[in-house]
Every structure is written in C-alpha cells, then in structure tokens.
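Trainee: Would you be able to build a 3D model of this:
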Amino acid sequence: MSSRIRVVVAKPGLDGHDRGAKVVARALRDAGMEVIYTGLHQTPEQIVETAIQEDADAVGLSVLSGAHMTLFRRVLELLAARDARDIVVFGGGIIPDADIPELEQLGVAKIFTPGATTQSIVDWVRANVAQAVA
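Mentor: Numbers count the residues shown, from 1 in each chain. Got it, this is the predicted structure:
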C-alpha cells in the first residue's frame with residue numbers, strides 16, 4: 001500500500017483558467033505526491049466521484065469564477081453524503097478574505113489566496129494531509 005499523499009486537483013464550474021491549478025498540481029507532484037488533475041469544467045459530483053474512485057486523501061479546488069461559496073459547499077455536502085468526510089478539502093483562487101471564515105466553518109481546511117507560493121501549499125499539504133495518510 002502506498003503511503004504517498006494522493007491529491008485530486010480540480011477546476012469546478014465554468015471557469016476556463018487553469019494555469020494556477022496546473023502549477024499547483026505540478027508542485028505537489030514534484031514534491032512526491034500522487035496528483036490527479038481533473039481538467040476544466042468539472043461538476044462537484046464529478047470531482048467527488050473522482051476523489052472517491054482514486055482513494056484521494058485531499059481535494060484541492062481552484063475557483064476564480066466567484067462561485068466559491070456554492071462550489072465548496074456542494075463538494076463538502078457530497079463528500080459527507082458519500083461518507084468521505086476524511087478527504088481533506090482545500091483550495092484557492094480569487095476568494096475575498098471576508099468569505100474565508102465562512103468557508104472554514106463549512107469544513108474547508110485551508111484557502112490559499114493570490115500570492116501564495118507553491119512551497120507554502122506543498123508544506124501545508126504535507127503537514128495537514130500527511131497525518132491522515134500515516
């Protein structure tokens with residue numbers, strides 16, 4: 001059994017800009033994690049299905065469309081409905097600081113805002129997801 005961290009990186013909704021998601025996916029992969037990038041225009045249902053099928057330890061959502069409250073909430077609801085609350089959900093994008101506490105209250109483990117370094121994301125995933133894998 002692999003002890004490598006498995007992360008699904010996803011772009012939910014209609015947002016067509018995935019450069020940041022690809023940069024994060026590459027950084028996590030380069031750090032030794034298994035990364036499944038789902039591509040553009042994924043529904044929350046598709047993302048959760050992929051996370052469960054791939055036995056993911058975490059899901060990272062990249063949201064630039066302004067629909068972050070709806071999309072994160074739906075992914076968390078679907079994970080709960082599938083008895084997969086142990087999958088850590090984090091994300092980033094253009095998310096107002098005022099929305100971050102509410103997202104955390106919903107169950108989002110961490111939000112990275114523009115300017116976050118790939119190293120800070122890698123370090124956070126290692127520290128906060130690795131314990132779930134061990």
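
Trainee: Quick check, central residue of the chain?
Mentor: Closest to where the C-alpha atoms of the chain average out (C-alpha atoms, centre = their mean) is G60, at 1.1 Å.

Trainee: which element is it on?
Mentor: For G60, the element it lies in under DSSP states H and E is strand 58-63.

Trainee: Report the buried residues of whichever helix or strand comes after that strand.
Mentor: Heading C-terminal from strand 58-63, the first helix or strand you meet, by DSSP H and E, is helix 68-81. For helix 68-81, burial by neighbour count (16 or more other C-beta atoms under 10 Å) applies to H68, L71, F72, R73, R74, V75, L76, L78, L79. Where you see a C-beta, it was placed from the backbone N, CA and C, and this is true even at glycine.

Trainee: Of those residues, which is the nearest to P96?
Mentor: Of all the buried residues of helix 68-81, P96 sits closest to H68, with 8.8 Å by C-beta to C-beta.

Trainee: how many neighbours does the residue nearest to G92 when sequence neighbours are not counted have?
Mentor: The spatial neighbour of G92 that comes closest, neighbours along the chain excluded (C-beta to C-beta, 6 or more residues apart in numbering), is F112 at 3.6 Å. Other residues near F112 number 20, with proximity taken as other C-beta atoms under 10 Å.

Trainee: give the contact list for I95.
Mentor: By C-beta atoms under 8 Å, 6 or more residues apart in numbering, the contact set of I95 is V63, H68, L103, I111, T113.

Trainee: redo that, cut-off 7 Å
Mentor: By C-beta atoms under 7 Å, 6 or more residues apart in numbering, I95 lies in contact with V63, H68, I111, T113.

Trainee: Output these in CSV, with pLDDT and distance to V9 appended to each entry.
Mentor: Putting the contacts of I95 into CSV (pLDDT from 0 to 100; distance: C-beta to C-beta, whole Å) gives the following:
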residue, pLDDT, distance to V9
V63, 95, 12
H68, 96, 16
I111, 98, 15
T113, 94, 17
